[in-house]
Structures are given as C-alpha cells and as structure tokens.
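> with the input below, show me the fold.
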Amino acid sequence: MGIDMTGQPVFLLGEELNALEPAAFDTEVEFQDLLARHPRILDFGTLADGRPLRLFLVAREMKVPTEGESASAFWLDHLFVDADGVPTLVEVKRASDTRIRREVVGQMLDYAANGARYWPAALLQRTFEETCADDGAAISDVYGELLDGQSPDEFWATVEERLGAGRMRLLFVADRVPMELRAVVEFLNRQMRQVDVYAVELTQYRGRGDHRVLVPRVHGEVATAAKTRSRSAGAGQKWTRADVDAALGSRSSEDRQAGLTLLEHADALGRPVANKAAYPSISVYFPATGKQVPVWTLSLRDSPGKDDLAFSFQSITHHLGRDAASAFADALPDVGGLGQKLAVQREKGFTGWPSVPLSALSAQPEALRQVCAAVERLMDGGEG
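Okay, the predicted model is just below:
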C-alpha cells in the first residue's frame, strides 16, 4: 500500500530477486522525453463513449503566442489530443524545481488561455503531422487509430471548437507533487466546469541493468468525476446533416427558413461538416485563396431561443490574415448584439468565435442576405 510514497524498494522477481530503488530523473529533459515517447503513462480515464482514453502527441514544446503568431511566445512542454478531440496540455517539473509549487499554475493557465486563442485547426493539424513524420510514424496508421470515421479536417475542426469552448485537460506532471499543488488542482476542478485539472506524480524505480519501473499516481480524479459524468450525458453524439434538418423542423417557420437558407448557401458554395457535440451542430468550410477555411458553425441547442450562428474568426485570421478578417467583420450585419462582439474581436485581433442568435437573423431577412454576401466576398479575397 502506498509504496510510491514510502521510499521503500520495489522487488522484481525473476531468476533472482532484483530490488528497484526510488531514483530521481537526472534532468527535466529526460522526464519530458519519457512522456513524449510513452504517453500511455498518462492514459487514465475514459472517452465520452466509455472507451479507454489514449493520448496522441501533437507537439513537444508547443509554441503559445501571446498576441498572434509573430509576437513573443511561451512554450508548453507537451500538447496531446484524444479521439474525442479534447486537447491535453502538459507541464513537466521535477520536485527540485521550486516553480512546481505556485508559478507553474499561472504558467499553465496562461498557456490554456492563449492556446485557445492562437491554435487554429490548420496549425494543429500541420503540427501533429510534422510530429508524426519526425517520429517516423506513418500518418495513415496514426490517423487510423485516432479518427472515428471522420476526415482529418473534421477532427481538427472539432479540436479547435473544444479549445474555443474551453474544453480541455491540464496536467501537471512531477516526480513528487507538493501538497500546495494538490490543493490548487482540487480548487481549480471545483471552479472550472469545462476544464479537467490533474496532478500526476510519477515515481521512478531503478534496479540492476536497464530495469526501471514507473508508478503514476493521479490527483484530481475525484474532483473531476461528477462534472465528467454530467458532460458525457449527451456530449458524444456525432450529428449529420439530416439531424440538423430534423432539428430545424421543430423551430418556428422563420427560424427554420433562416437555417435552411444558410445550409443551402453552404451546399452551393462550401463544404458542410457534421460536428460531434451535445446538440445538433454543423460547420461549413468555404474555399478562399486556394484554401478550405472553416467560416461558420450553426448550433441548434436544447432551447430553440438559444440557436446561434458562430463565426470562426480564429481560423479566418490564421488562414487569410487579419485584414481579411477585418473586412469580413465589416461586411457582417449589426444585429442581435453581433456588432458589439465584433468590436471586441477587433481589439483582440480577431481570434474568437462571435455569434449571433438565429432568431435575430430570421427576424431580418436582409441581415441573412448580408451574411451570405459577406461569405462570398471572403471567398473572393475580401474584394467588392
């Protein structure tokens, strides 16, 4: 009981008895490399459909910009993702590093906030595929394990949406987790509904030759259990176009017609992509300057009055630049509070997901036409 905390050896029994003694990691780099090569060490918990969790490495030393890609940046130790599209941010510290007590928490929250702003789907996909290539892994084999009938574009769009909604895991990994960090982890879990926070204590034992034993101990699982159950109640369904059409059928005639107008426009000029969410949802990619750019997501929530159309300014800015995003914002209608949200986005560099209620668009047909015209200008390079 509790052998990973007592300092007592672990005994490996083969032809003879081999005592494995607790041993520190020589360097933080060694510690980080171990997790990058063997992410199964961190595979605790389950996916939304009950399958065992498995993490896939997106990047070691993932760049976290503070004001856009060209600005100064921080570096996250590891970024992983699971088959549900939930990002997992990992910071690694040895117990000898005094920052493990308090400073690392502020660091991690900084990474989570800025990563959600500056990691669009295209960047994540490119980084992941480059990491696979660097590690000598066949991308088709890795995607075969990671994707559940989705295309890579669909999967990474889901990851981007998770980030935008603040749905992620934060993992503090250390060879010894101080009580102060455990307390902060429990507190953050109680306060943050969408984010799961864990501290993982990884104890290493070494014996004769190359024998090593790694014993992970997870702190924070009890605090996350209740909110994980509540989230998983409807979070795992993948919605089709037919599902979205059916959901629109239960709306008012005006809202239904507005939704169908948007989808018909998408069918004619873009590529609709079904989403995996707790409610019927569909995103649309439109071609612009030779790229497929996710432009908007229609979400039909539990209450008809909460249906909305959200614009993916984060991806538009990443793919087409801030000037194109600014021109697109200027072309959108000022209805349903959208104008105020766009003003905030202008100040923040167009990195968010401002939305407008579907009912606000259905009440003003001219506003709906303005949205479609703005998308067409974006496809033409923002001219007109």
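
> so where do the strands sit in the stretch 151-300 of the chain?
Secondary structure of the stretch 151-300 of the chain (DSSP state E, counting those that start in this stretch): strands at 168-174, 195-206, 212-219, 271-274, 281-288, 291-299.

> secondary structure element for residue 378?
Residue 378 is part of helix 365-379 when elements are defined by DSSP states H and E.

> contacts made by that helix with the rest, please.
Applying Cβ atoms under 8 Å, 6 or more residues apart in numbering, the external contacts of helix 365-379 come out as 258, 261-262, 265, 269-270, 286-288, 293, 295-296, 309, 316, 320, 324, 327-328, 331-333, 335, 360-362, 383-384. No exception for glycine: its C-beta is placed from N, CA and C like everyone else's.

> one more: stretch 318-325?
The contact list for stretch 318-325, computed with Cβ under 8 Å, 6+ apart, reads 68-69, 120, 122-123, 288-289, 291, 293, 313, 316-317, 349-350, 378, 381-382.

> again, 7 Å this time
Stretch 318-325 is contacted from outside by 120, 122-123, 288-289, 291, 293, 313, 316-317, 349-350, 378, 382, using Cβ atoms under 7 Å, 6 or more residues apart in numbering.

> now, which of those lie within helices?
Among these, DSSP state H puts 122-123, 313, 316-317, 378 in helices.

> which residues touch residue 174?
By Cβ under 7 Å, 6+ apart, the contact set of residue 174 is 93-95, 100, 201.

> report the beta-bridge partner residues of it.
residue 93, residue 201 (DSSP bridges).

> could you say which helix or strand holds residue 79?
According to DSSP H and E, residue 79 maps onto strand 73-81.

> and the closest residue to residue 350 other than its chain neighbours, what pLDDT?
Of all residues not flanking residue 350 in the chain, residue 325 sits nearest, at 3.9 Å (Cβ to Cβ, 6 or more residues apart in numbering). Looking at residue 325, its pLDDT reads 93.

> quick one: which helix or strand includes residue 325?
Per DSSP H and E: helix 322-331 holds residue 325.

> the residue nearest to residue 143 when sequence neighbours are not counted: how many residues sit nearby?
Counting by Cβ to Cβ, 6+ apart, residue 152 is the residue found nearest to residue 143 once chain neighbours are left out, at 6.2 Å. Counted with other Cβ atoms under 10 Å, residues neighbouring residue 152 total 15.

> residue 357 reaches residue 303, doesn't it?
No. The pair residue 357 / residue 303 is not scored as a contact, 11.1 Å apart, by Cβ atoms under 7 Å.

> higher neighbour count, the two?
Between residue 357 and residue 303, counted using other Cβ under 10 Å, the more crowded position is residue 357 (18 against 8).

> leaving out chain neighbours, which residue sits closest to that one?
Nearest non-adjacent residue to residue 357, counting by Cβ to Cβ, 6+ apart: residue 336, 4.7 Å away.

> how close does residue 17 get to residue 9?
10 Å (Cβ to Cβ, to the nearest Å).

> check residue 24 too.
Computed as Cβ to Cβ, the residue 24 to residue 9 distance reads 15 Å.

> which residues touch residue 35?
So residue 35 contacts 41-42, 78, 90, 92, 173 (Cβ under 7 Å, 6+ apart).

> in which helix or strand would I find it?
Element membership of residue 35, judged by DSSP H and E, is helix 28-37.

> report the backbone C-alpha coordinates of whichever helix or strand comes after that helix in CSV.
Next along the chain after helix 28-37, taking DSSP H and E as the criterion, comes strand 56-65. C-alpha atoms of strand 56-65 as CSV (Å, rounded to 0.1, in the frame of the first residue of the first chain):
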residue,chain,number,x,y,z
PHE,A,56,-1.7,11.2,-29.1
LEU,A,57,1.2,13.7,-29.2
VAL,A,58,0.6,16.9,-31.1
ALA,A,59,3.9,18.5,-30.2
ARG,A,60,6.8,18.8,-27.8
GLU,A,61,7.5,22.4,-26.9
MET,A,62,4.3,23.7,-28.4
LYS,A,63,4.5,27.4,-29.2
VAL,A,64,1.9,29.6,-27.3
PRO,A,65,1.8,33.1,-28.8
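
> work out the gap between strand 56-65 and the centre of the chain.
The chain centroid and the centroid of strand 56-65 are separated by 12 Å under Cα atoms, centre = their mean, to the nearest Å.

> partner strands of it, parallel or antiparallel?
Sheet pairing of strand 56-65 (DSSP bridges) gives strand 73-81 (antiparallel).

> the strand it pairs with vs strand 168-174, what angle?
Calculated by axes from the mean of the first three to the mean of the last three Cα atoms, to 10 degrees, strand 73-81 forms an angle of 110 degrees with strand 168-174.

> run the angle between strand 73-81 and helix 28-37 for me.
Going by the same axes, to 10 degrees, strand 73-81 makes 30 degrees with helix 28-37.

> list the buried residues of strand 73-81.
73, 76-81 (16 or more other Cβ atoms under 10 Å).

> re earlier: which one of residue 17 and residue 9 has more residues nearby?
residue 9 (16 against 9).

> from what I can see the more buried one touches residue 21, true?
Yes. Residue 9 is within contact range of residue 21, at 5.0 Å (criterion: Cβ under 7 Å).

> outline the domain layout of the chain.
As assigned by automatic domain parsing, the chain contains the domains 3-232, 241-379.

> out of the ones you listed, which one sits most buried?
domain 241-379 (a mean of 19; mean count of other Cβ atoms under 10 Å).

> what's the closest residue to residue 212 other than its chain neighbours in contact with, if anything?
Among residues not flanking residue 212 along the chain, residue 206 sits closest, at 5.6 Å (Cβ to Cβ, 6+ apart). Each residue near residue 206 by Cβ under 7 Å, 6+ apart is listed here: 20-21, 23, 212.

> farthest-separated two in the residues you listed?
Largest separation among the contacts of residue 206 by Cβ to Cβ: 21 and 212, giving 11.0 Å.
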